[in-house]
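From the sequence below, what's the structure:
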Amino acid sequence: MEKIGVIGIGKLGLCFALNLERVGYEVVGVDVNEEYVNQLNNCTYTSLEPYVDDYLQAASNFRATTKLSDVIDRVLDKITNFGEQQHTRHLVISCTTMPGYCDQAAEQIAPYNYTLTYNPEFIARGNIIEDQQYPDQVLIGETDDKAGAHVEEIYSNICRNKPAFCHMKPLSAEICKIATNCFLTTKISFANSIGDLAIQAGAEYDKILDAIGSDTRIGKQYMKYGYGFGGPCFPRDNKALGLYGDEQNYELLLSKATDEINRRHLEFQFQRCLEHYGEDEIIEFDYVTFKKGTPSLEESQQLALAVKLARAGRKVRIKEQPVIVEELEKQYPRLFELSSHS
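This next block holds a predicted model:
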């Protein structure tokens, strides 16, 4: 049975580790939080992410540890502390990195008999397990052909579909990862800006966007009117691509315009709410996480709207998951009327 170490078993890493275990790999996951590690090993950890609890309960070849030496870890500096390896080890970086990082990292660990492959994930919170099992593409930025082929073999075992395997140099893969998310943020901002225009003009925004999405060159995914983009990935990657363009003396106007549109869309929604609701009316939100059903408030545009309205003196009622209600009470004491979903 092949053994794979997963360094960092948080929200994404744990899902990947459990997917690996599900198809027959022996998996050791590393995390610095001892209490969390114990919960995983005792199967007492619970997650809001679909399938995680079931996969954890069923896992027989997965264990968690805080000992970095169990998988030869602690990112680059500590890897080199273990000295040159007798057998070649393959380090796979699955988190998003700025373009150029992986080439520098590969150069640092190569003398110690390591290869490096960049393999970022394209997943969404609330659907991580399935996104890992049914990816459209598997991006493999390889410094070694054999290591890249091994990564493809592992994904072929995990995937329940037949994704496109895209092999390229690490720098190309790093640009590809953040550019993909930048395209999606651009599409979201486009849909929202056309929707804002239609509302301002008195036109049918939903029918307009549905018709645009019916064009097969465009597609209906992300072609809906709603809140601006948020979460831990989209805003970060969109800004990262713009920053990298500046570093390369190529101003990527699209990235910067997308951010500005997202900001203006929030202001448009804010002004529309002020116009639509009377000063004594309650404005209700059935969720304020960046995506309904997820446990994250990071870069949430709906939360930003709720905060703007409440601070403008409007009465705002939020109904959310108990854990989110608790967090809102800590971050924004007495700003909202809060209640939990049953």
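
Return the backbone torsion pair for Leu139.
Taking degrees, to the nearest 10, you get phi -90, psi 120 for the backbone angles of Leu139.

Find the nearest non-adjacent residue to the residue nearest the centre of the chain, please.
The C-alpha lying nearest the average C-alpha coordinate of the chain belongs to Cys233 (Cα atoms, centre = their mean; 4.5 Å). Beyond its immediate neighbours in the sequence, the residue positioned closest to Cys233 (Cβ to Cβ, 6 or more residues apart in numbering) is Asn181, lying 6.1 Å away. C-betas here are computed from N, CA, C, even on glycine.

and the helix or strand where that neighbour lies, how far from the chain's centre?
When elements are defined using DSSP states H and E, Asn181 is found to belong to helix 170-201. Between the mean C-alpha point of helix 170-201 and the mean C-alpha point of its chain there is a distance of 15 Å (Cα atoms, centre = their mean, to the nearest Å).

What of stretch 3-20?
Between the mean C-alpha location of stretch 3-20 and the chain-wide mean there is a distance of 15 Å, by Cα atoms, centre = their mean.

So the residue nearest to the centre of the chain is in contact with Thr96, correct?
Yes. Using Cβ atoms under 8 Å, Cys233 and Thr96 qualify as a contacting pair, with a distance of 7.3 Å.

Phi and psi next, for the residue nearest to the centre of the chain.
In this entry, Cys233 is assigned phi and psi values of phi -110, psi -50 (degrees, to the nearest 10).

again with Gly10
According to degrees, to the nearest 10, the main-chain angles of Gly10 amount to phi -80, psi -140.

Kindly report the same for Ala147.
phi -60, psi -40.

show me what contacts Leu14?
With contacts defined as Cβ atoms under 8 Å, 6 or more residues apart in numbering, Leu14 is in contact with Gly29, Leu40, Ser47, Val52, Leu56.

and the second one, how many neighbours?
Counted with other Cβ atoms under 10 Å, the burial measure for Leu40 works out to 23 neighbours.

Just the element for it, please.
Per DSSP H and E: helix 34-42 holds Leu40.

For the residue in the chain sticking out farthest from the centre, list the residues it contacts.
Residue farthest from the centre of the chain, counting by Cα atoms, centre = their mean, is Asp280 at 38.2 Å. Listed by Cβ under 8 Å, 6+ apart, the contact set of Asp280 reads Lys315.

now Ala240: how far from Phe285?
Distance of Ala240 to Phe285, given as Cβ to Cβ, to the nearest Å: 29 Å.

quick one, which of the two is more surrounded?
Neighbours per residue, other Cβ under 10 Å: of Ala240 and Phe285, the larger number sits with Ala240, 21 against 16.

Residues in contact with the helix or strand the more buried one falls within: which ones?
Under the assignment given by DSSP H and E, the secondary-structure element containing Ala240 is helix 234-247. When contacts are taken as Cβ under 8 Å, 6+ apart, the neighbours of helix 234-247 outside the stretch itself are 96, 98-99, 175, 177-179, 181-182, 184-185, 188, 229, 251-252, 255-256, 258-259, 262, 299.

which residues of the stretch 1-150 of the chain fall in helices?
In the stretch 1-150 of the chain, helices defined by DSSP state H, counting those that start in this stretch lie at 11-22, 34-42, 52-58, 75-81, 101-109, 128-133, 145-158, listed in chain order.

which one of these has the lowest average pLDDT?
When these are compared on mean pLDDT, helix 75-81 scores lowest, with a mean of 74.

which other helices and strands contact that one?
Helices and strands touching helix 75-81, by 3 or more Cβ pairs under 8 Å, 6 or more residues apart in numbering; DSSP states H and E, are helix 101-109.

Run the angle between the helix it packs on and helix 170-201 for me.
Between helix 101-109 and helix 170-201, the angle formed by their directions is 160 degrees, by axes from the mean of the first three to the mean of the last three Cα atoms, to 10 degrees.
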